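*Asks:* From the sequence below, what's the structure:
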Amino acid sequence: MQVALIHARPGADSSTDEHARRVAAHLVARGDALTCFANAACEPPAPGVAVEVLKPFALSAAGRAKAFDAAVEARCAQGGFDAVYSLGRTSSASVLRLSEGVRETRIELAKDAELARSSEEQTWAALEARGMQRGRSRLVAVPSELVGKDAMKRHHVLPELIRLVRPGVDLARFSPQVRERERPAARLALRLEAPAFVVAFQADGWALHGLDRLLKVWDAVAASRAAARLVIAGSDAGRAAHEKLVAGSRLKDVVRFLPEGTSLERVLHAADLFVLPTRYDACSRAGLAALASGLPVVTTATNGLAELIDEDVNGIALFGDDVRQTLYQQLLSWTKPERAQSARDAARAAAERCPLEAEARAAAEAIDEAAAAR
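*Replies:* Sure, this is the predicted structure:
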């Protein structure tokens with residue numbers, strides 16, 4: 001089968017990149033011919049994948065987004081493809097995946113004035129909405145039920161056109177046994193004292209994922225939990241400002257920013273609890289890896305990962321716009337070592353519902369179904 005993979009912005013979102021790699025490798029392994037269309041030069045998502053760069057001239061970021069979408073549609077209309085699988089940011093495909101969730105909802109919940117004013121973001125939202133119009137895409141793939149319900153409500157996508165393709169996790173790479181074995185070395189490498197109770201936050205885009213919410217309550221948490229330490233990992237354009245703010249406050253001794261590029265394995269091996277009070281996340285891969293490692297997760301209901309959280313058993317999903325008070329209370333509860341340790345087996349069991357191979361297989365099934373319906 002000839003398949004086109006549309007990856008509009010390679011490198012812009014790590015979760016989307018990971019999904020592209022897994023699906024591409026699976027399709028090539030089963031014998032499909034795969035061509036990846038991108039708007040910039042990039043490495044093939046998997047060996048054996050052809051890459052075509054479509055970069056029509058435009059004067060603005062929004063103009064480039066529109067021009068890329070038009071170029072992709074024209075190129076695919078030439079024929080030769082049995083199915084077109086888009087990872088978002090385009091207006092038509094055989095299967096349109098909402099990799100980053102419903103973009104209009106993401107902009108709305110982020111409470112970020114700069115994001116809301118971005119003409120590029122608004123253009124992507126408009127292209128995505130057009131792609132979900134009846135007849136533009138045969139199926140809509142979503143990483144969580146949260147995103148699927150939102151697509152049905154906001155864009156009137158018929159429920160029979162929704163296909164759930166959850167992120168998968170490497171259950172051998174992330175496990176309680178590996179974490180416990182590697183814990184001393186990870187703590188030594190990150191300069192964390194052995195008796196500390198380590199709470200890990202990892203995300204790219206800290207404002208969207210609620211780091212400000214966490215920092216606002218951490219002083220009070222640390223005052224009640226002397227052994228508690230917060231480690232912050234991931235990338236953010238405002239990292240320097242966050243580091244300066246913490247360095248000039250009482251948090252400087254109980255909060256540590258890890259170097260950009262610190263591996264997720266090292267972060268989770270050193271941790272006792274994972275926290276992500278996100279304003280919106282289609283389904284956190286870092287949180288899923290934390291569950292696989294036997295860590296309880298404190299997150300919000302606007303994270304698709306919340307669908308794997310069994311309340312008060314392997315973590316908690318907080319509701320509401322202002323979660324500071326409940327976040328403080330839950331952190332006080334989950335930073336008790338015995339409680340965090342008791343969640344180990346339930347956390348692992350939740351992650352086992354999302355094995356690595358299931359992600360690519362579910363995406364391939366949606367692609368096959370769309371191709372058969374031509």
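*Asks:* Which elements pack onto the lowest-mean-pLDDT helix or strand in the chain?
*Replies:* Lowest on mean pLDDT, DSSP states H and E among the helices and strands of the chain sits helix 113-117, with a mean of 84. Counting contacts by 3 or more Cβ pairs under 8 Å, 6 or more residues apart in numbering; DSSP states H and E, helix 113-117 is packed against helix 103-110. C-beta here means a position set from N, CA and C on the backbone, and glycine is covered the same way.
*Asks:* If we go by neighbour counts, what in the helix it packs on is buried?
*Replies:* Neighbour counts over helix 103-110 (16 or more other Cβ atoms under 10 Å) mark 103-107, 109-110 as buried.
*Asks:* For residue 151, state which of those is nearest.
*Replies:* Distance to residue 151, by Cβ to Cβ, is smallest for residue 105 among the buried residues of helix 103-110, at 9.2 Å.
*Asks:* Let me know the distance separating that closest one from residue 255.
*Replies:* 30 Å (Cβ to Cβ, to the nearest Å).
*Asks:* any residues touching the least confident helix or strand of the chain, and which ones?
*Replies:* Outside of helix 113-117, the residues within contact range by Cβ atoms under 8 Å, 6 or more residues apart in numbering are 107, 110, 121, 208.
*Asks:* repeat that for 6 Å
*Replies:* Outside of helix 113-117, the residues within contact range by Cβ atoms under 6 Å, 6 or more residues apart in numbering are 107, 121.
*Asks:* Check stretch 363-374 too.
*Replies:* 23, 26, 82-83, 85, 94-95, 138-139, 141, 163, 165.
*Asks:* Switch the buried residues of helix 103-110 over to CSV; also include pLDDT and distance to residue 18.
*Replies:* As requested, these are exported to CSV (pLDDT from 0 to 100; distance: Cβ to Cβ, whole Å):
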residue, pLDDT, distance to residue 18
103, 94, 19
104, 94, 24
105, 95, 22
106, 94, 18
107, 93, 23
109, 92, 23
110, 89, 22
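*Asks:* how about the CA coordinates for stretch 242-254, as CSV?
*Replies:* The C-alpha coordinates for stretch 242-254 follow below in CSV (Å, rounded to 0.1, in the frame of the first residue of the first chain):
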residue,chain,number,x,y,z
HIS,A,242,11.6,30.8,35.9
GLU,A,243,15.1,29.9,37.2
LYS,A,244,15.7,33.6,38.2
LEU,A,245,12.3,33.7,40.0
VAL,A,246,13.1,30.6,42.0
ALA,A,247,16.7,31.6,42.8
GLY,A,248,15.4,34.8,44.4
SER,A,249,12.8,33.1,46.6
ARG,A,250,12.5,30.6,49.5
LEU,A,251,12.1,27.9,46.9
LYS,A,252,15.8,27.9,45.9
ASP,A,253,16.7,25.1,48.3
VAL,A,254,13.7,22.8,47.5
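*Asks:* which parts of it are buried?
*Replies:* Quick answer for stretch 242-254 (16+ other Cβ under 10 Å): 242, 246, 251, 254.
*Asks:* Pick the one among those closest to residue 283.
*Replies:* Nearest member of the buried residues of stretch 242-254 to residue 283, counting by Cβ to Cβ, is residue 242, at 24.7 Å.
*Asks:* looking only at pLDDT, what's the mean for the strand or helix carrying that closest one?
*Replies:* Assigned by DSSP states H and E, residue 242 belongs to helix 239-247. Mean per-residue pLDDT for helix 239-247: 94.
*Asks:* circling back to that earlier point, what would the contacts of stretch 363-374 look like in JSON lines with secondary structure, distance to residue 367 and neighbour count?
*Replies:* Putting the contacts of stretch 363-374 into JSON lines (DSSP: H, G, I helix; E, B strand; the rest coil; distance: Cβ to Cβ, whole Å; neighbours: other Cβ atoms under 10 Å) gives the following:
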{"residue": "23", "secondary structure": "helix", "distance to residue 367": "8", "neighbour count": "28"}
{"residue": "26", "secondary structure": "helix", "distance to residue 367": "10", "neighbour count": "19"}
{"residue": "82", "secondary structure": "coil", "distance to residue 367": "9", "neighbour count": "17"}
{"residue": "83", "secondary structure": "strand", "distance to residue 367": "5", "neighbour count": "27"}
{"residue": "85", "secondary structure": "strand", "distance to residue 367": "5", "neighbour count": "29"}
{"residue": "94", "secondary structure": "strand", "distance to residue 367": "7", "neighbour count": "23"}
{"residue": "95", "secondary structure": "strand", "distance to residue 367": "6", "neighbour count": "25"}
{"residue": "138", "secondary structure": "strand", "distance to residue 367": "10", "neighbour count": "21"}
{"residue": "139", "secondary structure": "strand", "distance to residue 367": "9", "neighbour count": "22"}
{"residue": "141", "secondary structure": "strand", "distance to residue 367": "9", "neighbour count": "30"}
{"residue": "163", "secondary structure": "strand", "distance to residue 367": "10", "neighbour count": "19"}
{"residue": "165", "secondary structure": "coil", "distance to residue 367": "10", "neighbour count": "26"}
